[in-house]
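In: Give me a 3D structure for the following:
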Amino acid sequence: MKRPFFTKQLLGRMAVALLVNLAVYYGSRLLSGDGPRRCLATGLDRALPLLPWTVFFYWGGFLFWLVSYAVGMRLDHGGPGRFLTAHVLGELVCFACFILFPTTMTRPEVSGHGLGAMLLRLTYRLDRPDNLFPSIHCFASWLSWIGVRRNQRIPLKYRGLSLAFALAVCLSTLTVKQHVIPDAAAGILLAELSYLAAGALARRRTARREGAEVK
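Out: Prediction:
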């Protein structure tokens with residue numbers, strides 16, 4: 001019989017990932033206080049238009065992460081636990097940045113009465129303009145693609161869609177004015193570096209275990 005996709009181990013890893021994310025996001029707000037914050041907006045950020053309809057991609061990122069994290073953790077490519085380790089390492093870097101390098105941005109007024117505009121106004125009410133650098137939205141979305149991009153057990157079409165949606169989520173953070181370009185770039189770079197570091201740790205654990213078995 002085939003093993004079920006959602007094993008206890010997978011559910012446990014996903015729960016750890018969620019708890020780490022919540023602890024980093026809300027814990028850093030408690031520790032960073034109301035001190036001065038930097039704005040990293042560039043001239044290109046100010047030139048980008050506000051596109052309220054892209055908020056659907058912004059919120060769709062949560063469903064994208066749920067599916068992609070489950071696939072990435074279940075079919076870990078490059079060592080068991082590598083995906084979760086990369087997530088935790090990246091989140092810890094975000095935590096340090098949120099406290100040591102707090103940032104903010106100025107949001108525009110949202111006009112219109114369409115569904116996108118209404119959802120964007122709700123987003124602004126629910127989420128303060130802080131904890132911006134690096135963008136966790138971009139970090140998690142790019143990591144979601146990294147976890148599947150070289151895994152030959154996953155259909156090429158799914159990997160292509162994963163890349164397309166990761167890019168759409170990252171771009172949406174800029175067009176709904178939730179992040180600026182340095183935030184997004186740092187989030188993507190952080191995902192790449194965290195996955196590399198997690199791979200190095202996985203190889204070290206494997207070598208250590210094999211060495212112990214030989215002895």
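
In: quick one: contacts for the residue nearest to the spatial centre of the chain?
Out: Residue closest to the mean C-alpha point of the chain, counted by Cα atoms, centre = their mean, is residue 140 at 1.6 Å. Listed by Cβ atoms under 8 Å, 6 or more residues apart in numbering, the contact partners of residue 140 are 21, 61, 65, 69, 87, 191. Heads up, the C-betas are built off the backbone N, CA and C, glycines and all.

In: nearest to residue 179, of the residues you listed?
Out: Of all those, residue 61 has the smallest distance to residue 179: 11.9 Å, by Cβ to Cβ.

In: Mind jotting down where the strands sit in this protein?
Out: 38-39, 103-104 (DSSP state E).

In: As TSV, those with mean pLDDT and mean neighbour count would be great.
Out: Listed next are the strands of the chain as TSV, based on pLDDT from 0 to 100; neighbours: other Cβ atoms under 10 Å:
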stretch	mean pLDDT	mean neighbour count
strand 38-39	93	12
strand 103-104	95	19
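
In: mind putting the ones you listed in TSV, distance to residue 144 included?
Out: Listed next are the strands of the chain as TSV, based on distance: least, Cβ to Cβ, whole Å:
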stretch	distance to residue 144
strand 38-39	28
strand 103-104	24
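
In: Which one of these lies nearest to residue 91?
Out: Between these, strand 103-104 lies closest to residue 91; by Cβ to Cβ that is 17.0 Å.

In: What is the burial count for the residue nearest to residue 112 when sequence neighbours are not counted?
Out: Of all residues not flanking residue 112 in the chain, residue 52 sits nearest, at 6.6 Å (Cβ to Cβ, 6 or more residues apart in numbering). Per other Cβ atoms under 10 Å, the neighbour tally for residue 52 reads 21.
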